[in-house]
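Student: Mind looking at a prediction? Sequence and model below.
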Amino acid sequence: MKQVHKSGGGAWGGVRVNEKILELIRDMTGQEVMSEFSSNHCNEEYHLRMEIETSKRKVDSPAKLGEENAEEQKFYIRMPQALQRIWRSKCKAYKEVLSANDVKFEAGELYFKSDKIREYFKDTIDGILTTLRDALESSSSIKPGAMIVVGGFAESNYVIESLRESLEDKMIPVLKPDFPEKSVLNGAVLFGQNDEIIKSRIVPHTYGIAMTMEFNSRLHSNEEKYVESDGKEMANNVFRKHVTVGDSVEIGKWITSKEYYITSEETSISRVYVFTSDKKNPIHTTETGSKYIGHLDIEFPDIDEEDTDEISNRKVVQVEFNFCGTLLRVRAVSTCSGKTQTRELQIKYNEMFKEQKE
């Protein structure tokens with residue numbers, strides 16, 4: 001398989017809907033009640049979240065039910081005994097609160113109007129559709145034969161029917177596997193057994209190396225300018241691009257080899273800093289959207305004073321990238337005085353863009 005558009009997405013999954021429903025309950029009971037419940041009754045809180053997940057999947061679209069039946073459909077959640085007890089002890093007017101929110105409480109269950117719950121689905125579904133439309137508009141060569149929906153959110157009938165209704169004009173059928181939640185696990189297992197299933201990927205970021213170069217007033221930031229001892233103006237933290245966001249790269253192949261020249265004869269170790277950027281053409285590694293993801297050191301051997309061959313003695317580092325199944329590999333090679341040294345950096349994709357903690 002070949003990836004034809006970079007991976008993307010956002011907070012548009014079922015968890016976001018679950019959190020909004022939980023927030024609705026929190027608004028009725030109060031933060032103090034929910035804090036005590038969460039702190040002292042962890043198991044029951046877990047069961048409440050699972051109850052929300054299960055009930056959410058039963059919500060149907062008005063088109064499927066018919067307008068009249070859709071208005072009558074109720075969304076109900078079994079309220080844990082501990083939560084009931086804490087709420088009643090801290091809020092004597094809980095019945096008035098239920099009435100004000102148009103919620104019924106019968107036989108230990110909260111009953112909401114399904115229209116209110118459908119509103120929580122809308123933002124999430126709109127986010128999915130916006131992402132899909134952006135992908136289609138960004139490349140005229142992308143002509144999907146179908147949209148395959150997987151994961152827990154695909155268990156929701158309302159989600160599937162809403163997507164089908166919205167994509168009907170584009171003639172894109174929406175398909176759901178028999179076990180959409182298990183499909184994610186099955187796919188991960190298959191990929192783990194044979195990561196060569198994917199032949200090429202579209203890179204989601206721009207990748208490059210930090211370097212210094214002669215200052216260009218039309219290009220570089222004045223904040224990155226410095227002057228060397230000989231009076232030459234230089235630019236620091238320049239982002240030298242190796243791979244551009246949106247490029248198609250062949251999996252497992254070393255690409256974009258570029259050379260970096262070390263000007264100082266006294267340098268014995270060169271550190272190669274690897275960066276990513278959200279931009280297509282970043283200028284500096286310090287600008288917004290750029291992120292440091294790792295480095296590697298390459299050593300230079302001592303040069304024989306009797307060896308006067310400038311070409312063989314010049315200090316050059318050759319850097320290239322390799323996009324593997326779950327790894328980004330960066331290799332630096334130096335050949336100086338007839339000696340070759342190689343260093344390699346491996347970075348897992350799932351660790352590359354974690355929030356860095358101080």
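Tutor: Received the coordinates, thanks.
Student: quick one: low-confidence parts of this structure?
Tutor: Applying pLDDT under 70 to the chain flags the ranges 62-73, 140-141, 301-314, 336-339, 349-358.
Student: quick one: the helices in it?
Tutor: 14-29, 31-40, 42-56, 62-65, 67-72, 81-90, 94-100, 114-138, 157-166, 180-193, 310-313, 349-352 (DSSP state H).
Student: Out of those, which gets nearest to residue 212?
Tutor: Closest approach to residue 212 among the helices of the chain is made by helix 310-313 (21.3 Å; Cβ to Cβ). For glycine as for every other residue, the C-beta is placed from the backbone atoms N, C-alpha and C.
Student: separation between the nearest residue to residue 55 once chain neighbours are set aside and residue 111?
Tutor: Nearest in space to residue 55, with sequence neighbours left out and distances taken as Cβ to Cβ, 6 or more residues apart in numbering, is residue 77 at 5.5 Å. To residue 111, residue 77 is 8 Å away according to Cβ to Cβ, to the nearest Å.
Student: same deal with residue 153?
Tutor: Per Cβ to Cβ, residue 153 is found 23 Å from residue 111.
Student: Between the two, tell me which one has more neighbours.
Tutor: Neighbours per residue, other Cβ atoms under 10 Å: of residue 153 and residue 111, the larger number sits with residue 153, 24 against 16.
Student: hang on, the earlier thing: same list, the helices of the chain, but as CSV with mean neighbour count please.
Tutor: Putting the helices of the chain into CSV (neighbours: other Cβ atoms under 10 Å) gives the following:
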stretch, mean neighbour count
helix 14-29, 18
helix 31-40, 15
helix 42-56, 16
helix 62-65, 16
helix 67-72, 11
helix 81-90, 15
helix 94-100, 13
helix 114-138, 16
helix 157-166, 19
helix 180-193, 12
helix 310-313, 10
helix 349-352, 12
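Student: In TSV, list those along with distance to residue 295.
Tutor: Shown next, in TSV, are the helices of the chain (distance: least, Cβ to Cβ, whole Å):
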stretch	distance to residue 295
helix 14-29	35
helix 31-40	42
helix 42-56	41
helix 62-65	55
helix 67-72	57
helix 81-90	50
helix 94-100	56
helix 114-138	33
helix 157-166	43
helix 180-193	29
helix 310-313	25
helix 349-352	13
